[in-house]
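Undergrad: missing the sequence, but the structure's below:
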């Protein structure tokens, strides 16, 4: 499949309220892990679906990720069960056993086997999963399954400030993304928790290839704080209820919607007020384009500059220049902030400071960087760094 | 020279007030770059000294760094002239010309040629150097040169909360470090501004080799915020007034004092309340030991955990595990916080939470990590991440 550039295609996201594609339903409950909020979620299909998934590259993956890698080998899923509050990471053999029990309980509910159920857990690392509460809480949840995606989006939230769900059309098929994520986010092989449902008909191998390419330009280019979670999971399930659709069009929409969801997650970064997009052009090759884009989007001094709407644009050069092994020609380096050129030939350009200061208060700050040494490009997604991030993370465990 | 482990040798720093070694004097002035504080500093030797230096690896080095690389090729220095407030970075050809004029003005003051004067500028990037004020301000400063290092340490400060100067003895010789640095610090080839003076007798090649090894275990393992300055410079000048000293002993003291200065700079990281030391043991090789130590010391979630004295120790595993290409065996990974074991075999160990919470309030937090896969070790130096960092950096340019 020859995919068009998903960054330069029309936004496919529907304006109308998101829906679950044909063949999927969801439900969520409070089972006592959190005081009141929903903490257990079930996504279920009417029948087995072709499925693919990518997971965190962190070398201390959670028990659900270890189990999930095994489960997804089957290429088919009937359901996804998710708990929040406790991530079941660094919990040893007991953690794996608990993840298996969670899969089995959900499988029983929807009338399939445990090998057809993907498990996710998100929350604190290193605390035993309250498995008895979860197993007990799963019982009967199948009776609450319904068509609206919102209970699922609400059920998987942790420090998210709002539920995250999008729908788009690809030919006759619908694609729906349901995600959570706000901190400990620099995915590399996968992402926070992102569940993608479609009624298009593809087999597991096709889904796997398309998912990896879509993740590569979206969730893998997203960084809130450079910290890579031990639980990152991105899954796609295809019910086939809408029949076959054009693969090129499907992949375009899959990638564009994933980018849109990556932007939504970045914007909701802990304590953030801005979505920062860093678009690097004319890099020597794709690896270097990604490296420079990530360096700029992750620089604490660039992030605080945007947070303070302070046009201290020399920090952009600093953040480009600290990519020691990238091909940088100072004299050819240009940069823009929301369309205003601030760097010319590696030197701070003359610009109206008030105008750039105002541009930095926009909710979306686009930093364009032209390296002038090749023809590769890449875009990274991030957010500003604020006191709110410190507040949320200096006492997350205790709260 | 076979250097002993400088991390495990007696601390050589003198308790008595620091002094400039024989043959060196300094002076500082306000020349109008800042409202009132000292902003121009001259370090001068009585005669040409053997000298060596390392500089930032940032690909947008400041004009003083570009000029300094040329100057240090001569292997001899008579003086160092430093201004704060404006860094003379991203200022193009005019910036180089201004750095040359600054060197020439200082050379004239001390009766040497410009090629014997190293220039440093620190402060905002991308703003023209106020060279007329500087040249005018240098005139007559030689008459103020004196023996106390403190005016020099005060003159080079920017966001530092205190002047940074240390002295130590190596045999009959004295070594004195004068440094500044608080943010935009993840040096890689060199460091913030660190000037080292000694009256020991070594030639430029010997100094260069010893300096590089000392920097490698000290300033190159220091990170306040992962951002690598465009101006980092570390210079050593040796007057020879104390004659020859034992090279092994000299290098031990040079490295140990540089580590001590790196710790002081980390502790003074913008907004920081803690020095964080991350000691990685039994890594596969030195590269991996350094990678893991840096990953942990730089993790925003580890930094905020310490800031909040919140024993959310799973974050240590996350930060180790995100070194995707390091050799990690979860079952062999142990970790301690100020002597209290918190991770056993890759799993959160059982520990008294109140004790670890109390340990996290210590000014110095030592995180020990045993990877159990080899025999390499490395220690990294950093600090916690607080709202103070955001405050300082959201409006640095404007302030």
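TA: Arrived safely. Quantities reported herein were computed from a predicted structural model and do not represent experimental measurements.

Undergrad: C-alpha only now, for contacts and for neighbours.
TA: Fine.

Undergrad: Quick check: which element contains residue A:255?
TA: helix A:247-267 (DSSP states H and E).

Undergrad: neighbouring strands for the helix or strand following that helix, and are they parallel or not?
TA: Sequence-wise, the next helix or strand downstream of helix A:247-267 (DSSP H and E) is strand A:275-283. Note on strand A:275-283: by DSSP bridges, its sheet partners are strand A:364-370 (parallel), strand A:376-383 (antiparallel).

Undergrad: Adding mean neighbour count, write these out as a markdown table.
TA: As requested, those are exported to a markdown table (neighbours: other Cα atoms under 10 Å in any protein chain shown):
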| stretch | mean neighbour count |
| --- | --- |
| strand A:364-370 | 22 |
| strand A:376-383 | 26 |
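
Undergrad: would CSV of those strands with mean pLDDT be doable?
TA: Conversion of those to CSV gives the following (pLDDT from 0 to 100):
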stretch, mean pLDDT
strand A:364-370, 96
strand A:376-383, 94
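
Undergrad: Share the number of residues neighbouring the closest residue to residue A:192 other than its chain neighbours, please.
TA: Nearest non-adjacent residue to residue A:192, counting by Cα to Cα, 6 or more residues apart in numbering or on different chains: residue A:232, 4.1 Å away. By the criterion of other Cα atoms under 10 Å in any protein chain shown, residue A:232 has 30 neighbours.

Undergrad: for residue A:20, same thing?
TA: Neighbourhood size, residue A:20 [other Cα under 10 Å]: 25.

Undergrad: Doesn't it belong to a strand?
TA: No. Residue A:20: not assigned to a strand; according to DSSP: H, G, I helix; E, B strand; the rest coil it is coil.

Undergrad: residues in contact with it?
TA: Contacts of residue A:20 were listed using Cα atoms under 8 Å, 6 or more residues apart in numbering or on different chains, and they are A:147-149, A:167, A:176, A:197.

Undergrad: List only buried entries from those.
TA: Burial by neighbour count, 16 or more other Cα atoms under 10 Å in any protein chain shown: within these this picks out A:148-149, A:167, A:176, A:197.

Undergrad: you'd agree residue A:159 is in a helix?
TA: No. Secondary structure of residue A:159 (three-state DSSP): coil, not part of a helix.

Undergrad: pLDDT wise, what is it at?
TA: With respect to pLDDT, residue A:159 has a value of 78.

Undergrad: Leaving out the residues flanking it, which one is nearest to residue A:87?
TA: Nearest non-adjacent residue to residue A:87 (Cα to Cα, 6+ apart): residue A:122, at 4.0 Å.

Undergrad: Relative to the helix or strand harbouring that neighbour, what are the paired strands and their orientations?
TA: Here residue A:122 sits within strand A:117-124, counting by DSSP H and E. According to DSSP bridges, strand A:117-124 forms sheet pairs with strand A:76-86 (parallel).

Undergrad: and the strand it pairs with, which residues are buried?
TA: Using 16+ other Cα under 10 Å as the test for burial, strand A:76-86 gives A:76-86.

Undergrad: now the helix holding residue A:255, how far from the centre of its chain.
TA: Offset of helix A:247-267 from its chain centre (Cα atoms, centre = their mean, to the nearest Å): 10 Å.

Undergrad: With stretch A:145-162 instead?
TA: On Cα atoms, centre = their mean, the centre of stretch A:145-162 falls 15 Å from that of its chain.

Undergrad: again with stretch A:72-81
TA: Distance, centroid of stretch A:72-81 to centroid of chain: 19 Å (Cα atoms, centre = their mean).

Undergrad: Mind checking what helix or strand follows the strand holding residue A:122 in sequence?
TA: Downstream of strand A:117-124 (by DSSP H and E), the next one is helix A:131-138.

Undergrad: And that next one, what does it pack against?
TA: strand A:40-55, helix A:92-110 (3 or more Cα pairs under 8 Å, 6 or more residues apart in numbering or on different chains; DSSP states H and E).

Undergrad: Indicate which one of those is closest to residue A:344.
TA: Among those, strand A:40-55 comes nearest to residue A:344, with 40.2 Å by Cα to Cα.

Undergrad: Please compute how far that closest one lies from its chain's middle.
TA: Counting by Cα atoms, centre = their mean, strand A:40-55 comes out at 17 Å from the chain centroid.

Undergrad: how far away is the closest residue to residue A:254 other than its chain neighbours from residue A:261?
TA: Using Cα to Cα, 6+ apart and skipping the chain neighbours, the partner closest in space to residue A:254 is residue A:214 (6.5 Å). Residue A:214 sits at a distance of 11 Å from residue A:261 (criterion: Cα to Cα, to the nearest Å).
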